[in-house]
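Trainee: okay, here's the prediction I keep looking at, along with the sequence it came from:
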Amino acid sequence: MSGSGKWGDLPTRIASAAVMIVVGVAAVWIGGLWFTLLVALIGGGMIWELCRMLGPDREQLAVPMGLLTTAALWGATLIPSEAVLPVLIAPALVGATQLHKDRLIYGAYAAGLMLACYGLIGLRAEHGLMWVVWMVAVVIASDVAGYFVGRIVGGPKFWPKVSPKKTWSGTVGGWVAAGAVGAAFGGLPLVLMSIATAFAGQMGDAAESAIKRHAGIKDSSNLIPGHGGLLDRFDAMMGAALFVMIVGSAVGLP
């Protein structure tokens, strides 16, 4: 393959990444209404992709489910806490009843996405900017370190049936990088929390990879030019956000 062919999509990838960074940083910095709206829209987009992956014969279902998801995430921030869980689970249950197959996969994964998105909104609203920055830094550091360590060191595969390119060396390299982020932000408890969060992010990535392999597709969609779909970009973030929400609710954050 020629150099121009190999790197032909690089300008598109860079432009898309720049837009995502600018929009994401602005929304995280501002918080409140704008951050909630961004997460709700991303959540709706991810459910839209999930419907199209698991129910290609029901593509007409994808748009209504995406809109329902966005509305549910937005509405969940405006209602009493005891009503939040039923509202968040509704898109998972409604979508599962409309599919002809893979209902359990859709229901479980959609419910996890809804809770992760809501947890991310809550993390910004209740704990502030720096906790979101920490979590994003953990996921990015783990992903980047895992990629380069895995490419350089190689070795046994981590989970070949699900993610054939990922190695144990890259996985552990990601944990080390996440621990370094934790050390930069706080003490030993946050180091351990960062490593566990990185692992949760890796499991989020593996879960999405398993669904794509099950569906026989390469990308969750083509929504992001040069990058694939929203699930392709935010699968690890969703795994990390879900884990942080569970820990925060159960025992509190360090």
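Mentor: Here it is on my side, so go on.

Trainee: I'd like the next helix or strand past the top helix by length along the chain.
Mentor: In the chain, assigned by DSSP state H, the helix with the most residues is helix 188-215. Downstream of helix 188-215, the first helix or strand assigned by DSSP states H and E is helix 230-250.

Trainee: helices or strands up against that following helix?
Mentor: helix 32-54, helix 103-122, helix 129-153, helix 188-215 (3 or more CB pairs under 8 Å, 6 or more residues apart in numbering; DSSP states H and E). Every residue, glycine included, has its C-beta placed from N, CA and C.

Trainee: any idea of the mean pLDDT in it?
Mentor: Average pLDDT, helix 230-250: 94.

Trainee: list the buried residues of it.
Mentor: By neighbour count with 16 or more other CB atoms under 10 Å, helix 230-250 contains the buried residues 230-245, 247-248.

Trainee: circling back: make CSV from the helices and strands packed on helix 230-250 and add mean pLDDT and mean neighbour count to it.
Mentor: Below are those laid out as CSV (pLDDT from 0 to 100; neighbours: other CB atoms under 10 Å):
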stretch, mean pLDDT, mean neighbour count
helix 32-54, 95, 22
helix 103-122, 96, 22
helix 129-153, 91, 19
helix 188-215, 94, 20
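
Trainee: export those helices to TSV and append columns for distance to L93.
Mentor: Formatted as TSV, the helices and strands packed on helix 230-250 follow (distance: least, CB to CB, whole Å):
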stretch	distance to L93
helix 32-54	12
helix 103-122	7
helix 129-153	28
helix 188-215	18
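
Trainee: nearest to P254, out of those?
Mentor: helix 188-215 (3.8 Å; CB to CB).

Trainee: now do the closest one: distance to the chain's middle.
Mentor: 9 Å (CA atoms, centre = their mean, to the nearest Å).

Trainee: coming back round to it: for the longest helix of the chain, packing partners?
Mentor: Contacts defined by 3+ CB pairs under 8 Å, 6+ apart place helix 188-215 against helix 32-54, helix 103-122, helix 129-153, strand 163-167, helix 168-185, helix 230-250.

Trainee: can you rerun that using 7 Å?
Mentor: Packed against helix 188-215 by the contact rule (3 or more CB pairs under 7 Å, 6 or more residues apart in numbering; DSSP states H and E) you find helix 32-54, helix 103-122, helix 129-153, helix 168-185, helix 230-250.
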